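Visitor: this is a predicted model, with the sequence first.
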Amino acid sequence: MTMRTVLLFALVALLILGTGVLQSWNTALVILNMGLVSAVMSLGVNLQWGLAGLFNVGVMGFVATGGLAVVLVSMPPVPEAWSAGGARLIGALVLGMAVIAAGVAAWKRLPRGWRGWALAAILLAGFFVYRAVLDPAVGAVEDVNPAATGYLGGLGLPVLLAWPVGGLLAAGVAWVIGKTALGLRSDYLAIATLGIAEIIIAVLKNEDWLARGVKNVIGLPRPVPYEIDLQNDAAFVERAAGLGLDPTTASTLTVKLGYGLLFAAVLIVLLVLAQLALNSPWGRMMRAIRDNEEAAEAMGKDVTGRHLQVFILGSALCGLAGAMMTTLDGQLVPTTYQPLRYTFLIWVMVIVGGSGNNLGAVLGGFLIWFLWVQVEPIGQAIMGFVTAGMAEDSALRDHLLGSVQHMRLLTMGLVLLVVLRFAPRGLLPER
Amino acid sequence: MDIVNALVALANFVLIPAVAYGSQLALGALGVTLIYGILRFSNFAHGDSMAWGTMCAVLATWGLQGMGVSLGPLPTALLAIPAGILGAAALLLATDRVVYRFYRAQKAKPVILVIVSMGVMFVYNGLTRFVIGPDDQRFADGERFIISALDFRAMTGLDEGLAIKTTQGITVVVAVLVVAFLFWFLTHTRTGKSMRAYSDNEDLALLSGINPERVVLVTWLFVAALATIAGVLYGLDKSFKPFTYFQLLLPIFASAIVGGMGSPLGAIAGGYIIAFSEVGITYAWKKVLGHLLPESLEPSGLVQLLSTDYKFAVSFVILVIVLLFRPTGLFRGKSV
């Protein structure tokens, strides 16, 4: 902990407290909560990029996978859908996996000459059989009360369980991607991960039986009490009055604070683990691999294996953060997953904070998230000032005022470029 | 069995759309591959460069339409392409001066330049949306069809119609002209030869007195032109929406990588491979098979391998297959 670290974190605290005093405490807590989630995401990306030099631009996909886990774990199951086609559907998925496994096995076992044809034949035939089993099952499941359910539902377990499950699910996806795409050159890996993220979002949007697709799943269970219950609780209202707050404000603040405490606990645990990992022999080995792959390989380190390991770990963190975020939102809306927001913004956080430094990643998460939220009101103010002299009905004035929201992207790009140019190691450089 | 109708249906729904889309992808991939060959990094801002150039062209088109200028049956946007290229060139050259040149002088690692291009992507994204907004814009005018399905049916008396949109015809013609010019330039002019030399071996090229800044300048000009033309053609064919152009990044990169990064010929081949696979795999083959198979075997379903929403999956799978089995691409591109 250097002086610089302390000062920069104090600055973040000041910014959030300032928001509380100047705007509202609700806004401040909203920023704090998403800042905590962002910090977990950027910790994950920092593991991959900062520690191992893996260029993953599929963060959005892992975040969305975590979100899916919340639905799958916490929503109540839909028994009608399960009896209509649940077993067949699961059977089809297992069949699909078996086909792929058979293909891989064939590729590994068969002689060189015709294994390509065998692989193609297995995959092609397998695909048609898979679709023949899957399609009717999907139809049956999606026909069960499509307006309200039309999906299999979840397991009806406590929502907090979804967080580790989200991490595990993302880890599973990362294992599949890592097995195929790791070992490619860095920018090829980038394109591959970019693609896989789009595919995951496409699956979420189109596979209605999984999580209702674009019909969204709303009303996810919460780990904290509902505002309305607090407001109806006489003891709570009394305590709020004792603090000089009206019950509505007090209840919203309490709920947000509850989320904040949960998120903070997760972040602290992860940060401690990440710091321990960074300074352990394992962390030194990862950095050695990052800095010189050939030398590390010559020293007997399993470069591909380590890369796979750290890729899975980092992606699991992103999945965990995604599950936390979906829990906070209380709904899964696949159309809100945008690569600029969920992949590239996280990258800005890591680069600005300082890649290779866990505290830096956390700092970047808070700082960039704060900026992302506050650029809009600031831009509004600037535009208000710029357009003050223009006529009321000027088309340019309307256009400028209407375009304020796009200042966000512009600002993020400029921040990234400025940091890369003048402080390429970030605000808190790696030691 | 009705082979003629089957062929017409195939042409109408698969071949013609795929040729047009493939030409657009090929032009985009050429831009990516030029940057990769000469500046030696994967430019993530390419989709947004396309969006910016197209936006300039759209604005110019609206201006021309406002002045009452028209090309008759052809879209006015063709006249606006030079304006779009100028706009794109101005932005790209300014970016190179302010951003990329610094890293070039430092000989920064390619992956750093990729991250830098991510920042540039954000900025372009913001700029484009700031000027024209995030919504769909239509700017196509003129005759819609070279030949419409109805006319074709009346002409030939077949059951199936064959429609060729004007924009599809223009796309192919323009793409052929542009590619021909690019290859002529690269093989027959002094500057073109120096570009290829610089791409093959930078040190050797510098020793022989090639001015690197000039090579880079010409490259950016070509990239601006290719990006704008690809963008305008895509926009005419479908419609212009900034986010769609950002998403085009994936099939474009897939085309360039499949063909072999740094190889212009590969970029063109890659563009068509990706386009044909995307259209072929997401097309419902029921109609074509219905004409080909005897009635008893006629398929009951749509015979669609994947729904159209999974078209990204197609480019992705091809990309992964090529990378796994032939990492330098079909045309033996370079690897930095």
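Guide: Perfect, thanks for sending it.

Visitor: the stretch 101-250 of chain B: strands as residue ranges?
Guide: For the stretch 101-250 of chain B, strands defined by DSSP state E, counting those that start in this stretch occupy the ranges B:145-147, B:164-165.

Visitor: what's the local residue count around residue 25?
Guide: Because you didn't say which chain, this covers chain A. 18 (other Cβ atoms under 10 Å in any protein chain shown). In this view, the C-beta of every residue, glycine as well, is placed from N, C-alpha and C.

Visitor: other chain: chain B
Guide: 30.

Visitor: now it: closest residue in space that isn't a chain neighbour?
Guide: residue B:271 (3.7 Å; Cβ to Cβ, 6 or more residues apart in numbering or on different chains).

Visitor: and what about residue B:276, helix, strand or coil?
Guide: helix (DSSP: H, G, I helix; E, B strand; the rest coil).

Visitor: that one contacts residue B:17, doesn't it?
Guide: No. Contact between residue B:276 and residue B:17 fails when scored by Cβ atoms under 8 Å: they sit 9.9 Å apart.

Visitor: re the thing from before, and the residue nearest to residue B:25, how far from residue B:176?
Guide: 13 Å (Cβ to Cβ, to the nearest Å).

Visitor: mutual contacts of the two, please.
Guide: Applying Cβ atoms under 8 Å, 6 or more residues apart in numbering or on different chains, one finds that residue B:271 and residue B:176 are jointly contacted by residue B:23.

Visitor: which stretches of chain B have low pLDDT?
Guide: Counting by pLDDT under 70, chain B shows low-confidence ranges at B:1, B:333-336.

Visitor: can we see that at 50?
Guide: B:336 (pLDDT under 50).

Visitor: and the residue in the stretch 151-300 of chain B that chain A sits nearest to, how close does it get to residue B:19?
Guide: Closest approach between the stretch 151-300 of chain B and chain A, counting by Cβ to the nearest Cβ: residue B:253, at 4.7 Å. Distance of residue B:253 to residue B:19, computed by Cβ to Cβ: 21 Å.

Visitor: next: residue B:109.
Guide: Counting by Cβ to Cβ - residue B:109 and residue B:19 are separated by 39 Å.

Visitor: ok, now residue A:186?
Guide: Separation of residue A:186 from residue B:19 (Cβ to Cβ): 34 Å.

Visitor: before we move on, what about residue A:361?
Guide: When residue A:361 is compared with residue B:19 (using Cβ to Cβ), they lie 47 Å apart.

Visitor: residue A:325: how many residues sit nearby?
Guide: Residue A:325 has 24 nearby residues by other Cβ under 10 Å.

Visitor: do residue A:266 as well
Guide: Other residues close to residue A:266 by other Cβ under 10 Å number 21.

Visitor: next, see if stretch A:285-304 gets close to chain B.
Guide: No. In terms of Cβ under 8 Å from any Cβ of the partner chain, no part of stretch A:285-304 sits within range of chain B; the closest distance is 11.3 Å.

Visitor: ok so, going back, isn't there a helix covering the residue of the stretch 151-300 of chain B closest to chain A?
Guide: Yes. Applying three-state DSSP, one finds residue B:253 inside a helix.

Visitor: how about it: what's its closest non-neighbour residue?
Guide: The shortest distance from residue B:253 to any non-neighbouring residue, by Cβ to Cβ, 6+ apart, is to residue A:191 (4.7 Å).

Visitor: now do residue B:244
Guide: residue B:238 (7.4 Å).

Visitor: quick check: that neighbour touching residue B:247?
Guide: No. Shown here, residue B:238 and residue B:247 do not form a contact pair, counting by Cβ under 8 Å, at 11.8 Å.

Visitor: what's the mean pLDDT across stretch A:81-88?
Guide: Mean pLDDT, computed over stretch A:81-88, is 89.

Visitor: ugh, typo on my part, it should be stretch A:344-354
Guide: Model confidence over stretch A:344-354, given as mean pLDDT, is 95.

Visitor: do that stretch and chain B meet at all?
Guide: Yes. Using Cβ under 8 Å from any Cβ, stretch A:344-354 reaches chain B at A:344, A:347, A:348, A:351.

Visitor: so which residues make contact with that stretch?
Guide: Contacts of stretch A:344-354 (Cβ under 8 Å, 6+ apart): A:38, A:41-42, A:45-46, A:49-50, A:57, A:59, A:318, A:359-365, A:367-369, A:372, A:412, A:415-416, A:419-420, A:425-430, B:115, B:118-119, B:121-122.

Visitor: buried residues, it. List them.
Guide: For stretch A:344-354, the neighbour count (16 or more other Cβ atoms under 10 Å in any protein chain shown) marks A:344, A:345, A:346, A:347, A:348, A:349, A:350, A:351, A:352, A:353, A:354 as buried.

Visitor: kindly report the same for stretch B:194-214.
Guide: Applying a neighbour-count criterion of 16+ other Cβ under 10 Å, one finds B:194, B:195, B:197, B:198, B:199, B:202, B:205, B:210 buried in stretch B:194-214.

Visitor: how far does it stretch from start to finish?
Guide: Start to finish, the residues bounding stretch B:194-214 are 10 Å apart (Cα to Cα, to the nearest Å).

Visitor: quick one: residue B:53 and residue B:224 touch, right?
Guide: Yes. Between residue B:53 and residue B:224 there is a contact at 6.4 Å, judged by Cβ under 8 Å.

Visitor: who has more neighbours out of these two?
Guide: residue B:53 (32 against 25).

Visitor: and the residue of the stretch 151-300 of chain B closest to chain A, what does it touch?
Guide: A:191, A:194, B:29, B:32, B:42, B:319.

Visitor: so the second one, which of the three states?
Guide: Think residue A:194. Classified using three-state DSSP, residue A:194 is helix.

Visitor: more neighbours: which of residue A:361 and residue B:19?
Guide: Between residue A:361 and residue B:19, counted using other Cβ under 10 Å, residue A:361 has the larger neighbour count: 33 against 19.

Visitor: contact partners for that one?
Guide: A:39, A:42, A:43, A:45, A:46, A:50, A:349, A:350, A:353, A:354, A:355.

Visitor: before we move on, back to that, that's a helix at the residue nearest to residue B:25, yeah?
Guide: Yes. Membership of residue B:271 in a helix is supported by three-state DSSP.

Visitor: so who does it touch?
Guide: Contacts of residue B:271 by Cβ under 8 Å, 6+ apart are B:22, B:23, B:24, B:25, B:26, B:27, B:28, B:29, B:255, B:259.

Visitor: quick one, which of those residues are buried?
Guide: B:22, B:23, B:24, B:25, B:26, B:27, B:28, B:29, B:255, B:259.
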